[in-house]
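1. Sequence first, predicted model second:
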Amino acid sequence: MAIKLLIVDDSAFMRKIVSDSVKRNSEIEVVGIARNGLDALEAIPKLQPDIITLDIEMPKLNGIETLKRIKENYNIPVIMLSSHSGTDITIEALQIGALDFIEKPSNLNADLTNFQKDLCMKITSVIKAPNIKAQNIQERFQGRYKRPVENTIKKEMEIGKEPKDIEAVVIGASTGGPKALVYLISKLPQKINIPIFIVQHMPKDFTTSFAARLDKESRIKVVEAEDGVIVEKGTVYLAPGDYHMTIENNRIKLDSRDKLHGVRPAVDYLFSTAASIYKDKLLGIILTGMGRDGSQGMESIKKMGGYNIAQDKETSVVYGMPGNAIARGVVDEIMSLEDISINLNKIIKVK
């Protein structure tokens, strides 16, 4: 059965772009279009879509207000369509409950193919995610779920088995990552004695807004990483969109080499270089996200004696990245997002 898509956008041109993009995919069927938020809310109970693409800037009822009403009444996943001018609003939408976003193509000749591919990939990956309809995604990040009884890897750290003397933490995430990262970073104490490095798959400019949101929501200092800066303890560094982030001689290094796994920044590059520097004093965490980015980097961490944690299937929006790392045999612990937060706070050094 095809995935039923509702397109919500005030631009007839953009509605056609989205519709034409998914027509090539036999797994997706456009069941309706809406020209604004009010039309969308009226159409949802009639059409019963599996997923919605939602424009941010619309007349009558904008994307943010429409999203709030959708999340109040339905468990339907929503993917936002955003532009460079709406970066702050996009980050807000992710906080409210949008599962992901796609940047509108600014240059149709150059960007349309990538837009079409990303759109179809995100729609299908979100719908195929575990329990996507059975449970309100908002609740997944607030501990209101039942933990599975069994898992192939132990779920919680045994007493005395926690990694000791950690000197740095590296975190990788993609789809569903922004909300998960806000949850993790906002619960850290104000003063910690180690640096934390994050790669979140996100386009250029959007990471600036996301870093600012993380910093605002947290007690710890969060910055968008800059090339050449000296790594400081007690700071969280977020890789900027469209740049790979690595660590070299205690400095952040950014570069624009080719995409890895179709993404830039890539988690693997960060994890691998951090492993060579911090060795057995490194903690790696892989969160929700599509694809396999991070698995190779976690293998490097494992080889150097570091410790790896993967988010569990039940609290992941998309289980691609954690699932691939687990399948590769490089994960020490599988945990819910809540348990990752609890154990991270146990492990890190406080000034």
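-> Received, thanks. Owing to the predicted nature of the structure, the values given are computational and were not obtained by experimental measurement.
2. For the stretch 51-200 of the chain, just list every one of the helices.
-> Here the stretch 51-200 of the chain has its helices, by DSSP state H, counting those that start in this stretch, at 63-73, 87-96, 108-127, 137-140, 177-186.
3. distance between the first one and the chain's centre?
-> Computed by CA atoms, centre = their mean, to the nearest Å, the chain-centroid distance of helix 63-73 equals 20 Å.
4. if we can go back for a sec, would you mind finding the most buried of the helices of the stretch 51-200 of the chain?
-> Highest mean neighbour count among the helices of the stretch 51-200 of the chain (mean count of other CB atoms under 10 Å): helix 177-186, with a mean of 23. For the C-beta atoms, the positions are set from N, CA and C on the backbone; glycine is no exception.
5. Counting by contacts, list what that one packs against.
-> Applying 3 or more CB pairs under 8 Å, 6 or more residues apart in numbering; DSSP states H and E, we find helix 177-186 packed against helix 87-96, strand 168-173, strand 196-200, helix 206-217, helix 337-347.
6. try it again with 6 Å
-> helix 206-217 (3 or more CB pairs under 6 Å, 6 or more residues apart in numbering; DSSP states H and E).
7. quick one: buried residues of the helix it packs on?
-> Phe206, Thr207, Thr208, Ser209, Phe210, Ala211, Ala212, Arg213, Leu214, Asp215 (16 or more other CB atoms under 10 Å).
8. quick one: low-confidence parts of the stretch 1-150 of the chain?
-> Along the stretch 1-150 of the chain, segments meeting pLDDT under 70 span 84-85, 110, 129-150.
9. Mind doing that once more with 50?
-> Scanning the stretch 1-150 of the chain for pLDDT under 50 picks out 131-150.
10. if we can go back for a sec, switch the buried residues of helix 206-217 over to JSON lines, and while doing so, append distance to Lys46 and pLDDT to every line.
-> Putting those into JSON lines (distance: CB to CB, whole Å; pLDDT from 0 to 100) gives the following:
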{"residue": "Phe206", "distance to Lys46": "33", "pLDDT": "93"}
{"residue": "Thr207", "distance to Lys46": "38", "pLDDT": "96"}
{"residue": "Thr208", "distance to Lys46": "40", "pLDDT": "95"}
{"residue": "Ser209", "distance to Lys46": "35", "pLDDT": "94"}
{"residue": "Phe210", "distance to Lys46": "35", "pLDDT": "96"}
{"residue": "Ala211", "distance to Lys46": "41", "pLDDT": "97"}
{"residue": "Ala212", "distance to Lys46": "39", "pLDDT": "95"}
{"residue": "Arg213", "distance to Lys46": "35", "pLDDT": "95"}
{"residue": "Leu214", "distance to Lys46": "39", "pLDDT": "96"}
{"residue": "Asp215", "distance to Lys46": "42", "pLDDT": "96"}
